[in-house]
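In: prediction below, plus the sequence it came from.
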Amino acid sequence: MGSVLRAAAIYLVVLVVFRLAGRRTLSELTTFDFVLLLIIGEATQQALLGDDFSIVNAMVVIVSLVVFDIALSLLKNKSRWLSKLIDGEPMIIVEHGQVLERRIRKARIDESGILEAARHSQGLERIDQIKFAILEKDGKISIIPR
């Protein structure tokens with residue numbers, strides 16, 4: 001039972017930490033982010049297994065984490081509030097060619113990232129060509145041209 005409780009605690013802590021860290025997708029990870037992710041993975045593994053490195057304990061931890069993930073996804077489907085808390089909501093970051101500075105600072109992105117998304121998805125070169133840029137829940141930027 002101790003393994004299951006440790007798995008639940010670590011699952012919640014990692015979920016909160018990554019939610020607070022922001023919306024970066026795997027394709028946007030920097031080298032520093034990747035190294036940090038590896039270190040977190042190793043620390044999490046040691047915290048989950050404690051002194052018991054048996055195969056059975058590892059399987060119990062893995063199954064517990066998968067069950068927690070399934071349960072959380074079911075709860076998010078039933079509760080819009082919980083879904084918004086965990087996954088966030090799409091956020092408009094450019095409106096009618098104007099960058100919404102407070103929002104891009106909050107999302108920790110910059111104008112060059114918005115322009116990159118505009119070039120890739122719509123072939124746009126300037127901010128004033130964008131009607132709306134929306135930071136999606138998954139961290140990608142959707143562009144609606146003027």
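Out: Nice, I can see it.
In: which ones are touching Gly97?
Out: Neighbouring residues of Gly97 by CB atoms under 8 Å, 6 or more residues apart in numbering: Ile127, Asp128, Gln129, Ile130, Lys131, Arg146. (C-beta placed from N, C-alpha, C; glycine too.)
In: now it: phi and psi?
Out: When quoted as degrees, to the nearest 10, the phi and psi of Gly97 stand at phi 80, psi 0.
In: if I look at it, how far off is Asp128?
Out: According to CB to CB, to the nearest Å, Gly97 and Asp128 sit 4 Å apart.
In: what do the two both touch?
Out: Taking CB under 8 Å, 6+ apart as the criterion, Gly97 and Asp128 both touch Arg146.
In: pLDDT (mean, whole number) over the longest helix belonging to the chain?
Out: Using DSSP state H, we find that the single longest helix of the chain is helix 55-78. Averaged over helix 55-78, pLDDT sits at 83.
In: buried ones in that helix?
Out: Within helix 55-78, the residues that qualify as buried are Asn57, Val60, Val61, Ser64, Leu65, Phe68, Leu72, Lys76, counting by 16 or more other CB atoms under 10 Å.
In: please apply the same query to stretch 46-56.
Out: Under 16+ other CB under 10 Å, the buried positions of stretch 46-56 are Leu48, Leu49.
In: what sits up against that stretch?
Out: By CB under 8 Å, 6+ apart, stretch 46-56 touches Gly2, Ser3, Arg6, Ala7, Ile10, Asn57, Ala58, Val61.
In: can you give me the strands for this protein?
Out: Ranges of strands within the chain are 91-95, 98-99, 130-135, 141-145, based on DSSP state E.
In: between these, which one is nearest to Ile39?
Out: In this view, the strands of the chain are compared for proximity to Ile39 by CB to CB, and strand 130-135 is the closest at 27.0 Å.
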